[in-house]
Each structure stands twice: as structure tokens, then as C-alpha cells.
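Q: what's the 3D shape of this:
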Amino acid sequence: MDPDTAFRESLFDALADNEGAAFWEGVYGQPIHIYSPYHPASSSPNDDTPNDPDNPKLERMDDEEYAAYVRGKMWCKSHEYVLEERRRRTEERKWKKAKDEEGRKWQAGVEEALRRGEERRKKNRWKVAWEGYLAGWEERTGKICWPVESGKMEDVRNGEVEKFFTGVGAIGGVDLGDVLKKERVRWHPDKMQQRAGEVGIDAGTMKVVTAVFQIVDRLWSEIRKRA
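A: Residues are numbered from 1 along each chain as shown. Presented below is the predicted three-dimensional model:
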């Protein structure tokens, strides 16, 4: 059976009763029985308007013409569906892209807020450490205040001393160059011995003092070179 004949028979089977209509709608993916070959007084919105002279009068068609007419209508619906589906997918892609971009911006905002929060906490931590360091020297108790976050001599290492002054330079309102210039004088071994007076400083402590001075001197020299 050729395709035209097969379609024509399926069309008239669909027109015969509701069961056939439902069956062939499932086969073709759309109803094929809605294009009535007659024009009742209350016509379907899918039918051609009887008073429109540009549209064919279905009651004048033979079976082949009517089948061709219905196939044309089905093609239009299929074509419209394809276009609508294409538009829907395009809109869906746009929506997804917008949502993804919104999600990325939100995530970036969260990460930026977390970063700023961490920076703020670091600044506060170094501010407290710096103020405690200066206060310790102001008390003049004879106790050495070491330039590390813990303030303890056993924590004095190259990386810790450098981290201390780098943190101090980031707290705001502090000129690290001026700080290092003053600290270089403070930590000069001769100056430290002079400050200790008759009590003096033991050899082990003096070795650590000299190490601090060398670190501070290096940091100060690096800043001067960049200036």
C-alpha cells in the first residue's frame, strides 16, 4: 500500500469514531480527525472559515483532495511545533545561561566576602599583636618582646619574623618602612646590650637578637631598594 493510500485510510478510520481518532492521534503525534469535511453552523477553530473565499470548501473535495488538505494542515502544525520547540529550547538555553551566570556571580560574591572577612580577621590579629609588642617595650620591664605573633623567643625564625612585619604593614595606618627603620635601631646588638645594662644578655639570647636584627635589616634594605 502506497503512503498516500495508507494515510487516507487512517484518516477516515480516525473520522469514524473516537477510538480510531485516539489511536491515530497516537500514531501521528497529533489529532488528524479535527478537520471536518463538512461545515456545521458552529465550526471548529481548526476548520477553514466557510465564508472565506480564499480557503477551499471541504464539502467540495473528494477523498484524495481532503486527505492532501489534512496532510497540509498536519505539516503546518508539525512545522509550527518544530519552530515553537526551537524557540523553547533557545529560551531555555538563555534562561540556563542567565541562571548559571547568576550562580557564578553569587558564588564569586560569597568568595569575595569570605576573602574580605579573612583579610579583616588577619588585620585585627596583627593589630592586636603589634599593639601588644609596642606595649611590652613601653613597659620597660627588662623583658625582651620578640617580633613574632606569639612573642616568644623560641618561635623566632626567619619566616615568622618576616610574617610579623608583613602583617604589621598590612593593618593600615602603618608605614612599614618607618617601622623597620626604628626596629633596626631597636634590635641592633649594641643597642640591646646597652638597654640591658648591668644585667646583660646571655650568649644564647644574644644570638637570637642578632638573627632578628639581620632579618629586620634585610627587610628594611629591600623596602629602600623598591622605593
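Q: What lies in contact with the helix or strand that contains Lys225?
A: For Lys225, the host element (DSSP states H and E) is helix 203-226. Outside helix 203-226, the residues that touch it by CB atoms under 8 Å, 6 or more residues apart in numbering are 144, 146-147, 153, 156, 158, 161-162, 165, 176-177, 180-181, 183-184, 187-189, 192-193, 201. In this view, the C-beta of every residue, glycine as well, is placed from N, C-alpha and C.
Q: pLDDT weak spots in the chain?
A: For the chain, the stretches with pLDDT under 70 are 36-59.
Q: can you list the domain ranges for it.
A: Listed domain ranges for the chain are 3-100, 140-226 (source: automatic domain parsing).
Q: what helix or strand does Val161 sit in?
A: Assessed by DSSP H and E, Val161 sits inside helix 158-169.
Q: same question, Gly172
A: Going by DSSP H and E, Gly172 is not in any helix or strand.
Q: Grab the nearest non-local neighbour of it.
A: In space, and not counting its chain neighbours, Gly172 is closest to Lys123: 6.7 Å by CB to CB, 6 or more residues apart in numbering.
Q: That neighbour: neighbouring residues, count only.
A: By other CB atoms under 10 Å, the residues close to Lys123 number 15.
Q: Specify the local secondary structure of it.
A: Of the three states, Lys123 takes helix under DSSP: H, G, I helix; E, B strand; the rest coil.
Q: give the contact list for it.
A: So Lys123 contacts Ala170, Ile171, Gly172 (CB under 8 Å, 6+ apart).
Q: Run a quick neighbour tally on Pro147.
A: 23.
Q: Look at it and give its secondary structure.
A: Applying three-state DSSP: Pro147 is coil.
Q: and the residue at minimal distance from the centre of the chain, how far is that from Glu92?
A: Centre of the chain computed as the mean C-alpha position; nearest residue by CA atoms, centre = their mean is Arg104, 1.9 Å away. Distance, Arg104 to Glu92, using CB to CB, to the nearest Å: 18 Å.
Q: I am finished for the moment; much appreciated.
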